[in-house]
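Visitor: Here is my input; please provide its structure:
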Amino acid sequence: MAPGSDKKNTAVTIKGNAGGLLVRFLDDEEYHFSQLLNEFEARLKQSGKFFLRANTSVDLGRRELDQSDLELLQGLMARYEIKLEKIISGSNATRSVARHVGIEYVLPNRENTRLPLQTSRETTGASFDNAEALFVRRTLRSGQLLKHHGDICLLGDLNPGAQITAGGNVIVWGTVHGVIEAGLDASPEQETVVCALQLTPTLLRIGEVVARAPETRSRNYHPEIARVSNGSIVIEQWKPPRK
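Guide: Have a look, this model is predicted:
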């Protein structure tokens, strides 16, 4: 099968985490590096604002690149105001070039990369894309930012001064006292919701609608869900759906 003939967005995957973003290029000689850059740029054009100024690592696998290749990668990311924090490379030649041009590099390990992507004809289903949620189990403290281009599920609290920014929905299985921005990549016809066991954010944004926390609120806390209705953010009790 020729590269890209029946496949879309399979050669470049993007994974978000609390520390930034991991971009992984398919480690397959069938794909020329220029094709990977073109696909990466297409993803940036689609959701570039979610990569803006994010610390980003690029996993190049064992692919051998020369100086011009790495400079093209740097230039592409610079155009979209993305910080290339480091590359992850299993190639001595690529790491040598990275050292020469001043790019930080690390060897692949189980913490900074993922298993190789498969290019089998039998592979079905979507690759990592905007539809895949990011699940994080921790408490976000003041000054910490959790950013993802899809949905986010946080198992923990969002403390004052911490922030969640999501392209889709946000679910917090805990207490919210920080800032939440949700639905930043949702189309106008898509409903975006923010849910939490205790929803008392200092600022809440859903799409283009922004609301600030009232000065006083009831102390009778219960799970709540926020959504946009008639141009305003409405917060209601979060109840399980009726069967």
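
Visitor: contacts and neighbour counts: CA atoms only from here.
Guide: Noted.

Visitor: So which residue is dead centre in the protein?
Guide: His148 (2.8 Å; Cα atoms, centre = their mean).

Visitor: Confirm for me that that residue is in contact with Leu134.
Guide: Yes - if you go by Cα atoms under 8 Å, His148 and Leu134 touch, sitting 7.0 Å apart.

Visitor: Could you report the neighbour count for Asp157?
Guide: 22 (other Cα atoms under 10 Å).

Visitor: Could you do the one 4 residues further on as well?
Guide: Around Gly161 sit 16 other residues, with neighbours defined as other Cα under 10 Å.

Visitor: On the pLDDT front, check it for me.
Guide: At Gly161, the pLDDT value in this model is 94.

Visitor: same thing with the one 5 residues further on?
Guide: In this prediction, Ala166 carries a pLDDT score of 88.

Visitor: who does it bridge with?
Guide: Ala166 forms beta bridges with His148, as assigned by DSSP bridges.

Visitor: same thing with Asn55?
Guide: Going by DSSP bridges, Asn55 is paired in beta bridges with Lys83.

Visitor: Show me what the top helix by length along the chain is packed up against.
Guide: Longest helix in the chain, counting residues (DSSP state H): helix 33-47. Here helix 33-47 touches strand 12-17, helix 67-79, going by 3 or more Cα pairs under 8 Å, 6 or more residues apart in numbering; DSSP states H and E.

Visitor: Of those, which is nearest Thr175?
Guide: strand 12-17 (19.9 Å; Cα to Cα).

Visitor: And the average pLDDT for that closest one is what?
Guide: Summarised as a single mean, pLDDT over strand 12-17 is 76.

Visitor: Listing partners with orientation, what would you give for the very next helix or strand once past that strand?
Guide: With elements assigned by DSSP states H and E, the helix or strand that comes after strand 12-17 is strand 20-25. Strand 20-25 sits in its sheet next to strand 12-17 (antiparallel), strand 55-61 (parallel), going by DSSP bridges.

Visitor: Who are the contact partners of Ser232?
Guide: By Cα atoms under 8 Å, 6 or more residues apart in numbering, the residues touching Ser232 are Val209.

Visitor: For it, give its distance to Leu65.
Guide: Look at Ser232 and Leu65: by Cα to Cα, to the nearest Å, they are 50 Å apart.

Visitor: thinking again about what came up before, between the longest helix of the chain and strand 20-25, how big is the angle?
Guide: Helix 33-47 runs at 140 degrees relative to strand 20-25, counting by axes from the mean of the first three to the mean of the last three Cα atoms, to 10 degrees.

Visitor: what angle do helix 33-47 and helix 67-79 make?
Guide: Counting by the same axes, to 10 degrees, helix 33-47 points 0 degrees away from the direction of helix 67-79.

Visitor: what about helix 33-47, average pLDDT?
Guide: Taken as a whole, helix 33-47 carries a mean pLDDT of 89.

Visitor: Can you say which of the helices and strands packed on helix 33-47 is packed in most?
Guide: The highest mean neighbour count among these, using mean count of other Cα atoms under 10 Å, belongs to strand 12-17: a mean of 20.

Visitor: okay, and the helix or strand of this protein with the least pLDDT?
Guide: Between all helices and strands in the chain, the lowest mean by mean pLDDT, DSSP states H and E belongs to strand 12-17, at a mean of 76.
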